[in-house]
Each structure stands twice: as C-alpha cells, then as structure tokens.
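# model the following, please.
(chains A and B)
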Amino acid sequence: MAERTTIVVQSGDMDKLYSALIIANGSLAMGMEVWLFFTFWGLERLKKGGLEKGPLSKMHLLGLGKWMVKRRMKKAGAVDLQKLVADFKDLGGKIIACEMTMDIMGIKRGDLREDLIDEYGAVGTYIQQARDSAITLFI
Amino acid sequence: MAEIKVDVRGQTCPVPLVEVRKAVRKASPGDIIEVVGTHPASKKEIPMAVEALKLELLNVEGADTDWKIRIRR
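Below you'll find the model as predicted:
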C-alpha cells in the first residue's frame, strides 16, 4: 500500500487552500495517496463556484490584497486553484466533506461540487485515514 | 518502446512534478520520459520523485533554469 498524506482543510482562506493543494499534489506526484478532509470554512470552498472565493488570510484589504497577490502569482507562473483541483483529482486524490459542517451551516449535497467529493464523513473517517498516514496536517 | 516528452518550461511548483507523475502513469514499463523545464527546485525534486516512485533516472543535464531530465519507467 502506498504511503498516505491526510490533510484537514479547515480554513477557507485562499492562500491556505493553495498550501493544502500544493502539498496534496506534491504528495500524489511523489507516489503517495492523499485524502483531504474539508471542514468548517474549508467546506465553503467546495460549494459550487466557491473555489476561488476565499479571502487572503492576511492583508486581504477588502479584496485589494488578494487582487495584488493573484496578479503577482500569475506573473510568477503559478497555476490557479481550478487547475490544482483538476490535477488533484486526475492523480487520484480523494476528498471527504464533513457532514457536521454541512448540518451546522445548512449546506446540502446539491450545494457542493459533488463531482469532486468521494465521501461524506465525520471524525471517525478522518482518524481511520490519519492513523496510517505518513503525513498529516491541519490547514 | 515509446518516448514521452514533457515540456514544463515556464511552469512553477507544483506543476513540473505533477506533469511528470501524469506522464509516468501513462507510460508503459521501459518507456522513456524526457522532461524539459526551467523551474530550479524541480531539477532537484524530480530526481527525488523518481527515487520515491522506484523509477530509473537516466540523466540530468543543463542549468538550474534550463534543464533536461530523462527517466525510464
């Protein structure tokens, strides 16, 4: 069985989602399995049209900071979140959506990008994946 | 035996690694994958991935900002 990376994506901030997906895709590229658990604010990014909507965690400045960072990322040749997620799924990465977050926030399955989600689960699912993971992170 | 070309010139982290992985998945055992790129960290990290994936690194040549790596699956 391949080594595994398990990441809790709790933040909905744009920059943190980049970190999570870059680590996830790097893990897949280097031959590992990856599970991403989207919970709380992170789950907002799995809503239809929500992927790119996250603010910057610092210096968001009502969107001006995000705009500047995105412009600089484009100039540096960094790919967008759509491409990172597409590559993630293409390389066999798995996504779990937290059901309790869905209940708390009143999110229905139909509100989410169901095409990206492999499972709906709770903490037990995370623990079962994380206990056998070489890398686990909370972002 | 096929030779697969991967051009990631101008691409940055994590795209070179990801594109190499995609090519490896498409390749059959014995196929050669030739990657050209300009991202300095990837010149070091693609060989790390090759080792992790238990593939054969044939050669790495060129400058850090303009390199060519050959891999055998």
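
# ok, and the closest non-adjacent residue to A:Ile139?
Counting by C-beta to C-beta, 6 or more residues apart in numbering or on different chains, A:Ile139 lies nearest to A:Ala20, which is 4.6 Å off, once chain neighbours are set aside. Quick note: C-beta positions are derived from backbone N, CA and C, even for glycine.

# and B:Met1, helix, strand or coil?
coil (DSSP: H, G, I helix; E, B strand; the rest coil).

# could you find the closest non-adjacent residue to it?
That would be B:Gly30: by C-beta to C-beta, 6+ apart, it lies 5.0 Å from B:Met1.

# how about the helices of chain B, start to end?
B:15-26, B:40-52 (DSSP state H).

# pick the most deeply packed of the ones you listed.
helix B:15-26 (a mean of 21; mean count of other C-beta atoms under 10 Å in any protein chain shown).

# wait, does that one contact chain A?
Yes: counting by C-beta under 8 Å from any C-beta of the partner chain, chain A has neighbours in helix B:15-26: B:Val15, B:Leu17, B:Val18, B:Val20, B:Arg21, B:Lys22, B:Arg25.

# going by distance to B:Val60, which of the residues you listed wins?
For the residues of helix B:15-26 next to chain A, the residue nearest B:Val60 by C-beta to C-beta is B:Val20; the value is 12.6 Å.

# so who does that closest one touch?
B:Val20 sits next to A:Ala29, B:Val6, B:Val8, B:Ile33, B:Val35, B:Ile46, B:Ala49, B:Ile71 when contact means C-beta atoms under 8 Å, 6 or more residues apart in numbering or on different chains.

# try 7 Å
In this structure, B:Val20 makes contact with A:Ala29, B:Val6, B:Ile33, B:Val35, B:Ile46, B:Ala49, judged by C-beta atoms under 7 Å, 6 or more residues apart in numbering or on different chains.

# gap between the fourth one and B:Val18?
Translated: B:Val35. Counting by C-beta to C-beta, to the nearest Å, the separation of B:Val35 from B:Val18 is 12 Å.

# what does the first one give?
Here A:Ala29 is placed at a distance of 5 Å from B:Val18 (C-beta to C-beta).

# shared neighbours of those two, which are they?
With C-beta under 7 Å, 6+ apart as the test, A:Ala29 and B:Val18 both reach A:Leu91.
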